[in-house]
Structures are given as C-alpha cells and as structure tokens.
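Student: what would the 3D arrangement of this be:
(chains A and B)
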Amino acid sequence: MTVPATDPGRSRHAQYPGRKETAGLDKIRAFVDTEIAPFADAWDQAEQLPSELLTRIGELGLWAPFLPPDDGGSGMDWTGIGQVHEEIGRGCSSVRSFLTVHTMVTWTVQRWGSAEQQARWLPRLATGELIGAFCLTEPDSGSDAAAMGTVAQPADSGWILNGHKKWMTAGQVAGLLLVFARTEAGMSAFLVPADTPGVRISPLNAVMGTRASMLAEIVLREVHVGPDALIGPPGWAAGTVMTGALDLGRYSVACGCVGVVQACLDACVAYTSKRRVRDGRLSELQLIRRKISDMVVSSRAARLLCAEAGRLKDTDDPATIMATWVAKYHASTAATAAASDAVQIHGANGFVSDYPVARLYRDAKVAEIIEGSTELQQITIADEAYREVAR
Amino acid sequence: MSEDVRATIRDFITGNFPDLALKDDEDIFELGFVNSLFAMQLVMFIEKTFSLRVPNQELRLDSFRTIDSMAKLVERLSSDAQISTG
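Tutor: Numbers count the residues shown, from 1 in each chain, chains lettered A, B, ... in the order given. A predicted model of the protein is given here:
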C-alpha cells in the first residue's frame, strides 16, 4: 500500500477538535524554513544574530503582534503568539529567545505603563527598532529574585540605580532595559535606555546553548533616570510586573520547546529514512521507531498544554499562571529528552554541526533553567496538587 | 453588593488555600501564604470577575491587604467605571 505523502506542518495546530492555525502561520513557517533554520548553526557558531534578520522580523510584524493595531501590532491573541513562537523555536532557539524577552518587555509597557510611557516606547518596540532586555537575574541571585542586590534610590529628580545584572538575552543589542531593583517600598521596575550614562554592557560568550542569543552582563553605576522611568506599582513589582512578564516568558519558552521537539522529530525522520544499516535503513529498527514515536507523542502533548495555557490567557483567566507552569515543565523536559534521543539516533553525526541536533541538544537544556527551573516547576506544580486535593 | 463582593473574593482565596480560615479584616500578606504567583492570580481574578482594570495607582499592597480592602477597591473602581460611562 502506498502511503500518500503528507506535510504534517500544514495541520499541526488544526488536527485537534476546535483548534485552528492562526492566520498567516503558513507564511511564518515558510520564513522559518527559508530564512532561519538553514542559518541557525552558523549563527550559533558566530554567537550572534545578523542585524538583517532582526530587521526582517520587524518587516513581518513579529516583534510584538499582540499589540493592538493602534500601537503597531496586529492584535494577535496569545494562542496565535504561542504558535508563532513554536515555529520560530523550531528554526532557532536563539531567535525565539529574542522574541521571548522582547515580548516580556513590550507587554510590561503595554500592561503597566502610563500613557506617556506607552506613547514613548511602544511604537519603536512594535517595529523592533528598539529591542527590549529583561534585567532581573544577577550574578548571585537567580531563582531567588528576592535576594537581588540592585538598588534604586530616590534622587532630586528621579532615581539613581546601582547594581549588577547577568544573563540578559539580547543585552548586546538592546535599546531598552527593564531593570528590577530594590526600593524602600519593595521591589520596583524601571525602564532604562541602554545608552544612559553609567550603564556598562559586556557580551557573554562561549555559553553552552542559545549561543546566538547575544547574552550580556550589565553593570549599573550611579545611573540617573527620571521619575518617568518607574513602571508599574512602586514596591510591588514582584507580584505584578515580574510575575506577569515571567508568565509570558515561560509561555514563550514552552511554545519554543514544542518547536524544538518538532525539529528533533523532523531531523530524525529525515536521517533515519536515508541512513542505511546492514540490509535496511535505520527507520526500520524497532528501537529507533520507539524514539520517533516518543517524539510524536511528546510534541503533541506539549502543543496541547501550550494551547490550553494560551486559551486561558486569551480569556484573562488566572488559571493560566499554573497552566503555563505545567506547559513549560512538560515542554522543556520533553525537549531535552527528544534532543538527547535525536543525538543518539544520529550517532557520531549528532555530535557535530553538520546536523542540527547537537545545537538542539544544547539549546533544549537552557529551557530547563530559564523562566523557572525544572526544580522550581516541580515544587510549584506539586504545591498546587496538594491544594487541589485539600479543596 | 459589598457582602457579595467579599464572599466572591473569600471563595477565591480559600479555594486556593483550603486550610485557611480567613477573616475579612485579616492581613493576607502578614499570614505569609501569598507569594508573587498568587498575588498576580489575585489581580487577574479581580479584574476578570468584576470586569474592571486595576490602574497602577490602585495597585498597592494596601488595596489587596484584606478582603475588606479588596472589596472597597472593587466598589471604588466599579463606581468610577459607571461615572465614566454614565
């Protein structure tokens, strides 16, 4: 029997009842296939993304499509954003990382910014003329954000910031920094133009994964910003700006990880269909087929969990917070498992840059650390389970 | 309206923390169960349930400190909305 050729990409999001692909996703998929995936390994080795690509993302309206048209977006819902970030993640996790932090910063301005802050920053964030960087983590405080050492003190006209931030995605090219700092009232958030005197940005190179995400270390020394730099509720950024932005970051990473699993699946099906072993092909070996089937199942499960988190975001349901933790936990661990199997399937070829799976393996691991480590997710999800039982 | 609002908020909190016996004037932050995740869920819950947007100037710990203060916040914002649309 001849099995008709199918293109699973055409129906990935539409194969479940009641679900459909967001409009224009076929064009984004083509963009990823022709302008991102073929170059991802070269960018990984060069440890940077070309400026032409960042411009191209702006031309396609992908920096902040969730903004309403009046602010330069297309009013895309979060379900659609998730599908876009999955596709970008399938091509290159470094590019997806750029979109993740840019989404977090831009959403913060849209959600918590004053009318003046929105008018000042959103048009350029929407086009990507200005790239945003999310500056929370420090050399000595990661998951424990409350331990941050960066401080903001009131000055005659505005604030003086001092501190040290590390691991800022897109930090090397960012024009606007969303900086979290301690104030007398508690944790607060500030919008700091990257060219403000006293801001020193240094690239972080030779990282293990998402090597082209242009990570930077940022030192703030006597950085004077105006009163209009403060964004969101003063003293309560932890429960509002930080948590809201990290929730979207977690969602973006989760969706990107679905793309990583899909990329592993695509690479392995292609490789094993051609690679000959003894009298047949790798694809005929049962132990290989088990790994392939695991990738199919984990990609579909992760995609559905992301879709559920997106649906809850689109209805402003507070349950989206936990749904996103669950989606990110499953998708990121599925991505590391799939990438590990993908390297194994490729054998020695999986260990070099001739095939994408080595990069996918390194990139997947980062997703288990950022926007909530696997261990934090396990604690948080288990806490929820005990609360559910007690209800 | 006030008691309905209080009951709705109380149900959401105790639905998430079933072992909690919470009085309407008790400081939820002092009780120690509110982390940043639940704080965000609380803001989202109030906005969605009562169809309003909490503006930045109202996003203070004091507005969310007790069931009473949250109910007052809802009433204040609801009446503002009625004035601006009426």
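Student: so for the least confident helix or strand in chain B by mean pLDDT, what gets flagged as buried?
Tutor: The weakest-scoring helix or strand in chain B, judged by mean pLDDT, DSSP states H and E, is helix B:67-85 (a mean of 83). The neighbour-count check on helix B:67-85 (16 or more other CB atoms under 10 Å in any protein chain shown) flags B:67-71, B:73-74, B:77 as buried. C-beta coordinates here come from the backbone N, C-alpha and C atoms, glycine included.
Student: contacts (any at all) between chain A and it?
Tutor: No. In terms of CB under 8 Å from any CB of the partner chain, no part of helix B:67-85 sits within range of chain A; the closest distance is 12.8 Å.
Student: show me what that helix is packed against.
Tutor: helix B:2-16, helix B:36-49 (3 or more CB pairs under 8 Å, 6 or more residues apart in numbering or on different chains; DSSP states H and E).
Student: residue contacts, whichever residue of chain B sits closest to chain A?
Tutor: Going by CB to the nearest CB, chain A is nearest to residue B:39 of chain B, at 2.8 Å. Counting by CB atoms under 8 Å, 6 or more residues apart in numbering or on different chains, residue B:39 makes contact with A:236, A:238-240, A:243, B:64.
Student: check it and give its pLDDT.
Tutor: Residue B:39 is assigned 90 on the pLDDT scale.
Student: surely residue B:63 touches residue B:75?
Tutor: No. Checked against CB atoms under 8 Å, the pair residue B:63 and residue B:75 is beyond contact range at 11.8 Å.
Student: top of the contacts of residue B:39 by neighbour count?
Tutor: Counting neighbours by other CB atoms under 10 Å in any protein chain shown, residue A:239 leads the contacts of residue B:39 with 27 neighbours.
Student: pretty sure that residue is in contact with residue B:41, am I right?
Tutor: No. Applying CB under 8 Å, one finds residue A:239 not in contact with residue B:41, separated by 9.5 Å.
Student: which residue, other than its chain neighbours, is closest to the residue nearest in space to the middle of chain B?
Tutor: Chain B has residue B:70 as the residue nearest its centroid, 3.5 Å off, counting by CA atoms, centre = their mean. Excluding the flanking residues, the one nearest residue B:70 by CB to CB, 6 or more residues apart in numbering or on different chains is residue B:9, at 5.1 Å.
Student: count of neighbours near that neighbour?
Tutor: Neighbour count for residue B:9, taken as other CB under 10 Å: 25.
Student: what sits against it?
Tutor: B:46, B:67, B:70-71, B:74.
Student: picking that back up, just the C-alphas of the least confident helix or strand of chain B, formatted as CSV.
Tutor: The C-alpha trace of helix B:67-85 is given here as CSV (Å, rounded to 0.1, in the frame of the first residue of the first chain):
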residue,chain,number,x,y,z
ILE,B,67,-10.8,41.0,51.9
ASP,B,68,-12.3,44.3,53.1
SER,B,69,-9.8,46.4,51.3
MET,B,70,-10.2,44.4,48.1
ALA,B,71,-14.0,44.7,48.2
LYS,B,72,-13.6,48.5,48.7
LEU,B,73,-11.2,48.6,45.7
VAL,B,74,-13.8,46.8,43.6
GLU,B,75,-16.6,49.1,44.6
ARG,B,76,-14.4,52.2,44.1
LEU,B,77,-13.3,51.1,40.6
SER,B,78,-16.9,49.9,39.7
SER,B,79,-18.3,53.3,40.6
ASP,B,80,-15.5,55.1,38.7
ALA,B,81,-16.4,53.0,35.6
GLN,B,82,-20.1,53.8,36.0
ILE,B,83,-19.3,57.5,36.2
SER,B,84,-17.1,57.5,33.2
THR,B,85,-19.6,55.6,31.1
